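Asks: build the 3D model from these lines:
(2 chains, ligands or ions: 2)
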Amino acid sequence: MVNNMSIPEKFRQIINDPTLSPMQKSQYLALEADASLPYPEITESVKAAIEDNILCDMFEGNAPFKPRYVLPDYAKFLQQGSEYLELPPAKDFDEALNHLTILYHHVPSVTNIPVYLGQLDDVLLPYAEGLDAETIYRKLRLFWILLDRTLPDAFMHVNIGPTDNVICRTILRVDAELKQVAPNLTFMYDPEITPDDLLRQASHNICECSKPHIANYPVHAHAYDNSGFGIVSCYNSLPLAGGANTLVRMNLKEVARKASSSEDFFHATLPNYCQTMYELIEARSAYLHEQSGFFNGFLVQEGLIDESRFAPMFGIYGMAEAVNILLEKDGRDEKYGQQPAANKLGHRISKALSDIVTSTPVKYGYHGRALLHAQGGISLDEDVTPGVRIPYGTEPDPVSHIQALAQHHQYYTSGISDILTIDETVKSNPEAMYQLCKGALAIGFREFTANVHSNDLVRVTGYMVKLSDIAKFKEQGSRTNTTGLGAEAAANTGILNRKPRVVSHEQAPRYCDSQ
Amino acid sequence: MSKRRATATVSKILNFSCVDGPGNRLVIFLQGCNYQCKNCHNPHTIGICNHCGDCVAPCPSNALSMSEGHIRWNAELCTHCDRCLAVCPNQSNPKTQTMNVDDILQLVRKHQLFLSGITVSGGEATLQLPFIVELFNAIKADPSLRHLTCMVDTNGSLSQTGWEKLLPVLDGAMVDLKAWQEETHRWLTGRSHHRVMQTIDWLGKHDKLEEVRLLHIPAITDFEQEIDALAHYLSALPARTTIRLNAFQHHGVTGPALEWPPCSASQINAFAKQLTQRGLRVLYREPVT
Ligand code: SF4
Ligand code: SF4
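Replies: Ligands and ions are numbered 1, 2, ... in the order given. Sure, this is the predicted structure:
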């Protein structure tokens, strides 16, 4: 997708693109402007690793002026109001919804739209007192429609659970009814707190609309302090009142290709490239924290976020190819996802990465560290599998699939997702989805995500697209920013032709004229 | 000394199935059937291997061999090309395993966090009744497994005395009703359908009738001609019983049944409509074309 147009030519093409809305044009223009600045200063070895497709900065821009993901403390905001936004504390449900709607427009992220809308049941419950269920339903339904139409991006993410409450139940009901692309939804599950029939409702929703994503609450909570965490964008788990300042990712497939054997990989190639990756992380976060002025804004001043709760995400992908390449170099023919020996080598790589990430200091990190992340891939990835997933078309049955991957989940603090694609027969037997989900979480899955084959609404990595929108996109564009990414993923990776399974993808919107 | 002695000839095990009973199920397919259905979509599960050895030479990957008069199958080498199934004169399958109850329990334990229950299917599972009785008893006797439901998928040919042996440990059965009229049933399956009706009746009385399945083969089965009588009969079934309609397809079918046109989406819809108009609730899926 590299093109050699001059900058004015590129601007012209964006401005004249008949499929983009004026707002989408402004965003693409801004991205191009950012991209025209010189890159933060990096050494030759980092440059070489980027050119070799080993490291990738996820198109975050050359002069990062906003963190990748921001998770404001919305509960605090409603309680105290905002001087900057001239809002008193919220008094009732309508005011709370109105306040949130206002603040959302001031929460930046790599997509220019908030990727985190809050733990909405906790946040709203104090304001629901005295309202009957039907009133809550009507208000939330309108709010849901408003979110989808005004913040049109499927990375935008709501959290609910693990407690059973009227807001949580109502959101599940509304979400299954409307089947919208946005917002994305995570349901937190805690076997100690969440009643079975609430998990049932959530997993039955998956059969309806491939949402929500289900998070293993105790596992995530254990990784962070008492100030909490949130799931944002596509399955990124991050500290509440903080976020991710940057996400850099490493292509394990290419790292494995540089190694002569698995031992060489563990002792030399992998640690060396991790070193290089840390240089890139430091260069990018230094710009944001030291030069951009972001942390002088009202979100910090009013205590809705705290600079010390931001961390870089250390992303990896291509585990499947890395394992297969290393085994081949060692003269063995096991395959990732199929044979226990191959799966074991994968677990060993995850542990080695985790050891490096939890012991390497960074200047701007959560307790001075980056957070390991199994990255969902982007629409430009070809012949390399997202995160630690099993390659498309070679997946075993869902239970063996989960058992092969469960061991990885302990290591990926800031998120790991494997999207299971379940045959549509599950729709007439949603209890099977519930069992599968429950089993996965019980054996240590940090998060459970499933697409149901034949649903119009499907996941591409973590965000949702409607297949019917992709079909129309080419001629008409889409009011939803992420449809273009889905269309691109479809064109590049054939996700729509594949057997029930989906490509991944997590990326800033940027202009691409070659869909 | 272990009391468990029964073994079964197992043709296949699935770790995950959402079409063989409620929730997610471990399904154990047993080899051998007493019907000869013209429409069987798994004809190689009908016969029991007599070790004639005809399948050994055609196997391209040397997964089959003969030793001491017995066929041996090496799962590691098998590519599942199914050439052995095509040449077998016996409608059998050399890729079966003899398993005992402990073998199955081990699998159930491995997967139990994912399971709502287990289902024995076939072939005709109840031909190996002592094994099923022992297996279900073992599950119900184990405190860590007894929450799993135990179901049988059957053609309904088992006698009442057989069902009585299973009753204390059975949670439900799924029965195929292959045709409405006796002649049609005999022509299609080679057997009378009196037993099937008795089975449905008996299971219903004992609150064990999980599902009745009707395979719709337009112009071949007689459900549509007999729709009023059929609907009347189905209405009298217990409320818990699911009535599931299946649309005949060619998948796996051999012989004359390949000449019958498959059941289209509109045909299965029309059949379902005739039943719903008569007050029934049915489940079915349109065939994917
Ligand atoms: S399916 Fe049968 S013929 Fe084919 S490899 Fe396996 S044993 Fe041999
Ligand atoms: S499977 Fe069939 S062909 Fe092979 S030995 Fe048994 S009866 Fe003969």
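Asks: CA only for contacts and neighbour counts going forward, please
Replies: OK.
Asks: what's the neighbour count on the residue of the stretch 351-500 of chain A found nearest ligand 1?
Replies: Proximity of the stretch 351-500 of chain A to ligand 1 (Cα to the nearest ligand atom) peaks at A:Pro396, 18.4 Å away. Other residues within reach of A:Pro396, judged by other Cα atoms under 10 Å in any protein chain shown, total 13.
Asks: which residue packs closest to the residue of the stretch 1-150 of chain A found nearest ligand 2, ignoring adjacent ones?
Replies: Taking Cα to the nearest ligand atom, ligand 2 has its nearest neighbour within the stretch 1-150 of chain A at A:Ile54, 51.8 Å off. Excluding the flanking residues, the one nearest A:Ile54 by Cα to Cα, 6 or more residues apart in numbering or on different chains is A:Asn251, at 4.9 Å.
Asks: wouldn't the one you found be in contact with A:Asp52 here?
Replies: No: A:Asn251 is beyond contact range of A:Asp52, at 9.8 Å (criterion: Cα atoms under 8 Å).
Asks: the more surrounded of those two?
Replies: More neighbours surround A:Asn251 than the other of A:Asn251 and A:Asp52, with 26 against 13 (other Cα under 10 Å).
Asks: the more buried one pairs with what?
Replies: Taking DSSP bridges as the rule, A:Asn251 bridges to A:Tyr317.
Asks: wait, what's in contact with it?
Replies: Contact analysis of A:Asn251 by Cα atoms under 8 Å, 6 or more residues apart in numbering or on different chains lists A:Asn53, A:Ile54, A:Leu55, A:Ile316, A:Tyr317, A:Gly318.
Asks: what about the fifth one, how many neighbours?
Replies: Yep, that's A:Tyr317 we're talking about. Residues near A:Tyr317, counting by other Cα under 10 Å: 23.
Asks: next, the contact list for A:Thr194, please.
Replies: So A:Thr194 contacts A:Gly161, A:Pro162, A:Thr163, A:Asp164 (Cα under 8 Å, 6+ apart).
Asks: mark which of those are buried, thanks.
Replies: Buried members of the contacts of A:Thr194, counted by 16 or more other Cα atoms under 10 Å in any protein chain shown: A:Gly161, A:Pro162, A:Thr163, A:Asp164.
Asks: can you add secondary structure, pLDDT and distance to A:Pro18 and give the residues you listed back as a markdown table?
Replies: Conversion of the buried ones among the contacts of A:Thr194 to a markdown table gives the following (DSSP: H, G, I helix; E, B strand; the rest coil; pLDDT from 0 to 100; distance: Cα to Cα, whole Å):
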| residue | secondary structure | pLDDT | distance to A:Pro18 |
| --- | --- | --- | --- |
| A:Gly161 | coil | 94 | 42 |
| A:Pro162 | coil | 97 | 45 |
| A:Thr163 | coil | 97 | 47 |
| A:Asp164 | coil | 97 | 47 |
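Asks: of the residues you listed, closest to chain B?
Replies: Lowest distance from chain B to the buried ones among the contacts of A:Thr194 (Cα to the nearest Cα) belongs to A:Pro162, with 20.3 Å.
Asks: which ones are touching that closest one?
Replies: A:Phe187, A:Met188, A:Tyr189, A:Asp190, A:Ile193, A:Thr194, A:Tyr217.
Asks: element containing the second one, please.
Replies: For A:Met188, the host element (DSSP states H and E) is strand A:184-189.
Asks: contacts for that strand, please.
Replies: So strand A:184-189 is contacted by A:154-162, A:199, A:202, A:211-217, A:231, A:233-234, A:463-464 (Cα under 8 Å, 6+ apart).
Asks: looking at the residues you listed, which are in helices?
Replies: Within those, residues falling in helices by DSSP state H are A:Leu199, A:Ala202, A:Tyr217.
Asks: would you turn the buried ones among the contacts of A:Thr194 into CSV with distance to B:Lys38?
Replies: As requested, the buried ones among the contacts of A:Thr194 are exported to CSV (distance: Cα to Cα, whole Å):
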residue, distance to B:Lys38
A:Gly161, 53
A:Pro162, 53
A:Thr163, 54
A:Asp164, 53
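Asks: for the residue of the stretch 1-150 of chain A closest to ligand 2, list the residues it contacts.
Replies: A:Ile54 touches A:Met250, A:Asn251, A:Leu252, A:Glu254, A:Val255, counting by Cα under 8 Å, 6+ apart.
Asks: for the longest strand seen in chain B, name the packing helices and strands.
Replies: Using DSSP state E to define each element, chain B has its longest strand at strand B:7-17. Judged by 3 or more Cα pairs under 8 Å, 6 or more residues apart in numbering or on different chains; DSSP states H and E, strand B:7-17 is in contact with helix A:398-405, strand B:25-30, strand B:97-100.
Asks: would you tell me which of the ones you listed gets closest to B:Thr199?
Replies: Proximity to B:Thr199 (Cα to Cα) singles out strand B:25-30 among the helices and strands packed on strand B:7-17, at 20.0 Å.
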